[in-house]
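[1] Let me see the structure of the following:
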Amino acid sequence: MDLLGKKVLVAGCGKSGLGAAGLLQKAGAVPVLFDENEKLDGKALCAREDYPKDTALVLGSLSKELLSELSLAVLSPGISIEEAFVSTLEEADIPVWGEIELAWNYEKGKVLAITGTNGKTTTTTLVGEILKRYQDNTFVVGNIGTPYTQEVLKTDKDSVTVAEISSFQLETAVHFHPTVSAILNITPDHLNRHHTMENYAAVKESITKNQTKDDFCVLNHEDSWLKAFAPKCPAQVIWFSSKEKLERGYYLVGSKICRNLGNGEEVLMDVDKMQLIGVHNFENVMAAIAIAAAYGVPMETILDTVKHFQAVEHRIEYVATKNGVVYYNDSKGTNPDAAIQAIRAMKWPTVLIGGGYDKQNTYDEWIEAFDGKVKLLVLIGQTREKIAECAKKHGMENIVLADSFEEAMDTCVKAACPGDAVLLSPACASWGMFPNYEVRGKMFKEYVNSLKG
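    Okay, here's the model as predicted:
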């Protein structure tokens with residue numbers, strides 16, 4: 001869509017919204033920032049360094065006059081398409097995009113896009129590192145931290161953009177068309193937003209909706225949702241599996257990552273040569289190898305990058321060993337399935353911190369995954385009573401409810417003995433106690449690093 005000189009509403013005044021408005025302004029459109037919160041401090045917002053100069057700000061509601069002037073509306077990922085003002089926009093025949101669709105409108109190169117409930121950040125970061133070694137003009141963007149809108153005007157016909165895409169961002173993607181896509185897994189998450197697993201799965205799968213048989217989609221062979229989706233996938237499917245030897249695809253045999261593309265098995269590498277731990281990370285690595293290879297990166301470059309790649313911050317991140325106790329930060333484990341992977345990766349009796357914001361998830365499978373490994377469960381946040389009740393139902397009695405994060409950490413340090421692990425893997429979002437999971441993880445690390453020993 002040609003937006004030159006067109007007035008575009010940008011809903012949401014956070015990092016994503018300001019990034020979208022900045023892109024529009026640079027591209028010659030006329031952005032108008034909008035937030036329903038009438039009490040938002042407009043002066044403070046406009047004073048921010050990243051606020052696009054001379055951009056109009058509207059707080060509260062949309063006037064008929066403004067609606068009549070708009071050619072497009074762009075929603076920040078945190079805004080649900082079910083908000084009342086979105087219906088108002090649609091009734092006025094104003095197209096509604098998200099920031100990913102807006103950036104795609106200006107993309108000049110190729111895109112490798114990664115989604116899934118868990119593993120997105122690790123896989124995206126690894127693919128980004130691989131591609132950076134292969135070609136100079138590589139951009140790593142999306143839900144990983146750098147808005148796609150911030151980088152897209154730097155792209156050219158020879159560039160590649162590696163994008164982590166969330167379900168929130170996919171809700172408002174229209175023409176977005178990656179050359180290689182990946183759906184790592186689909187497990188319960190964000191059901192307070194998507195309502196049903198069917199809706200959630202459909203949104204994740206929509207990353208492929210504009211792909212063709214000239215494109216590729218990397219899928220997890222162990223995921224029942226993705227097995228059902230594969231026959232409908234418009235792109236060429238590339239499978240990876242941590243449990244089954246595949247006739248075509250990438251798979252794990254013992255400690256060896258192998259591939260068979262129809263011409264016999266080839267051993268690629270031993271996972272013991274990697275710096276990542278846990279089967280979930282072996283899956284992430286296989287997905288990253290498959291994505292990079294489908295794009296055309298030489299396998300030698302791929303494997304050398306994998307061997308030197310270290311864990312992403314806040315995802316089963318080793319922090320320190322203090323007084324014989326190992327401390328791991330998995331603050332990015334914001335849902336039960338992610339937290340299951342973290343507890344499975346622990347090789348020691350574990351003191352576990354869980355709990356946080358309630359996204360309407362259930363915790364039975366997470367508790368069952370403890371498998372006698374968790375010696376103490378310390379719970380915080382909005383979900384602590386809910387999780388405690390679930391844990392007791394499964395026979396877990398050694399539970400402490402803490403009123404603050406500091407109290408939880410004090411409890412863990414006192415309970416942990418030499419040879420134990422203390423793991424922050426909450427299975428819940430951080431909201432309510434923390435602005436985001438990064439702040440939660442950094443607080444954990446600061447506390448651990450302040451310990452003597």
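[2] where does the spatially most central residue of the chain sit relative to Val140, distance-wise?
    By C-alpha atoms, centre = their mean, the chain has its centre lying nearest to Lys120, at 4.7 Å. Here the criterion is C-beta to C-beta, to the nearest Å. By it, Lys120 lies 12 Å from Val140. All C-beta spots, glycine's among them, are computed from the backbone N, C-alpha and C.
[3] Equivalent analysis for Ala416, please.
    Distance from Ala416 to Val140, by C-beta to C-beta: 36 Å.
[4] again with Arg344
    Distance from Arg344 to Val140, by C-beta to C-beta: 28 Å.
[5] out of the two, which sits in the busier spot?
    Val140 (21 against 17; other C-beta atoms under 10 Å).
[6] distance of that one from Thr121?
    Val140 is 10 Å from Thr121, by C-beta to C-beta.
[7] same check, this time on Glu300
    Taken as C-beta to C-beta, the span from Glu300 to Thr121 is 25 Å.
[8] who's more crowded, the two?
    Neighbour totals were compared for Glu300 and Thr121, and Thr121 leads with 20 against 8 (other C-beta under 10 Å).
[9] For Met443, pull up the helix or strand it's in.
    helix 437-450 (DSSP states H and E).
[10] So which elements touch that helix?
    strand 317-322, strand 325-329, helix 405-415, strand 421-424 (3 or more C-beta pairs under 8 Å, 6 or more residues apart in numbering; DSSP states H and E).
[11] Next, format those as CSV and append mean pLDDT.
    Formatted as CSV, these follow (pLDDT from 0 to 100):
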stretch, mean pLDDT
strand 317-322, 93
strand 325-329, 96
helix 405-415, 97
strand 421-424, 98
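[12] hey, which of the ones you listed is tucked in deepest?
    strand 421-424 (a mean of 28; mean count of other C-beta atoms under 10 Å).
[13] contact partners of it?
    325-331, 342-343, 346-353, 412-413, 416, 440-441, 444, 448 (C-beta atoms under 8 Å, 6 or more residues apart in numbering).
[14] Among these, the buried ones, what's the ChimeraX command?
    Buried residues among these (16 or more other C-beta atoms under 10 Å), as a ChimeraX selection:
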select :325,326,327,328,329,330,331,342,343,346,348,350,351,352,353,412,413,416,440,441,444,448
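[15] sorry, back to before: from Leu67, how far off is the closest residue to the residue nearest to the centre of the chain other than its chain neighbours?
    Nearest residue to Lys120, sequence neighbours excluded (C-beta to C-beta, 6 or more residues apart in numbering): Glu164, at 4.8 Å. Going from Glu164 to Leu67 by C-beta to C-beta gives 33 Å.
[16] the more surrounded of those two?
    Using other C-beta under 10 Å, the more surrounded residue of Glu164 and Leu67 is Glu164, with 25 against 16.
[17] Any idea what the more buried one is bridged to?
    Per DSSP bridges, residues listed as beta-bridge partners of Glu164: Ile114, Gly142.
[18] Distance to Asp2 for the helices and strands packed on helix 437-450 - can I get that in CSV?
    Formatted as CSV, the helices and strands packed on helix 437-450 follow (distance: least, C-beta to C-beta, whole Å):
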stretch, distance to Asp2
strand 317-322, 45
strand 325-329, 46
helix 405-415, 50
strand 421-424, 48
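[19] Out of these, which is closest to Gly395?
    helix 405-415 (18.9 Å; C-beta to C-beta).
[20] got the contact list for the closest one?
    So helix 405-415 is contacted by 325, 351, 353, 375-376, 378-380, 400, 402, 422, 433-434, 440, 443-444, 447, 451 (C-beta under 8 Å, 6+ apart).
[21] residue contacts, the residue nearest to Lys120?
    Ile114, Thr115, Lys120, Thr121, Thr124, Val141, Gly142, Asn143, Ile144.
[22] Between those residues, identify the one with the most neighbours.
    Of those, with other C-beta under 10 Å as the count, Ile114 tops at 33 neighbours.
[23] correct me, but it touches Val162?
    Yes - applying C-beta atoms under 8 Å, one finds Ile114 in contact with Val162, separated by 7.5 Å.
[24] any common contacting residues for those two?
    With C-beta under 8 Å, 6+ apart as the test, Ile114 and Val162 both reach Thr124, Val127.
[25] On the pLDDT front, check Lys204 for me.
    Lys204 is assigned a pLDDT of 94 by the prediction.
[26] Isn't it up against Phe168?
    No - with contact defined as C-beta under 8 Å, Lys204 does not count as touching Phe168 (11.1 Å).
[27] quick check, Ile340 in a helix?
    Yes - counting by DSSP: H, G, I helix; E, B strand; the rest coil, Ile340 is found in a helix.
[28] Near it, how many other residues are there?
    22.
[29] Extract the C-alpha trace of the longest helix anywhere in the chain and format it as CSV.
    When the chain is parsed with DSSP state H, its longest helix is helix 279-295. The C-alpha trace of helix 279-295 is given here as CSV (Å, rounded to 0.1, in the frame of the first residue of the first chain):
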residue,chain,number,x,y,z
VAL,A,279,16.1,-31.6,24.8
HIS,A,280,14.0,-28.5,24.1
ASN,A,281,17.3,-26.7,23.1
PHE,A,282,18.3,-29.6,20.9
GLU,A,283,14.9,-29.1,19.1
ASN,A,284,15.6,-25.4,18.8
VAL,A,285,19.0,-26.1,17.3
MET,A,286,17.5,-28.6,14.8
ALA,A,287,14.9,-26.0,13.8
ALA,A,288,17.6,-23.4,13.4
ILE,A,289,19.8,-25.7,11.3
ALA,A,290,16.8,-26.5,9.1
ILE,A,291,15.8,-22.9,8.6
ALA,A,292,19.4,-21.8,7.7
ALA,A,293,19.9,-24.7,5.4
ALA,A,294,16.6,-24.1,3.6
TYR,A,295,17.8,-20.5,3.0
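[30] List the buried residues for that helix?
    Buried, per 16+ other C-beta under 10 Å, within helix 279-295: 280-295.
[31] all helices for the stretch 201-350 of the chain, in order.
    For the stretch 201-350 of the chain, the helices defined by DSSP state H, counting those that start in this stretch cover 224-229, 279-295, 299-308, 336-345.
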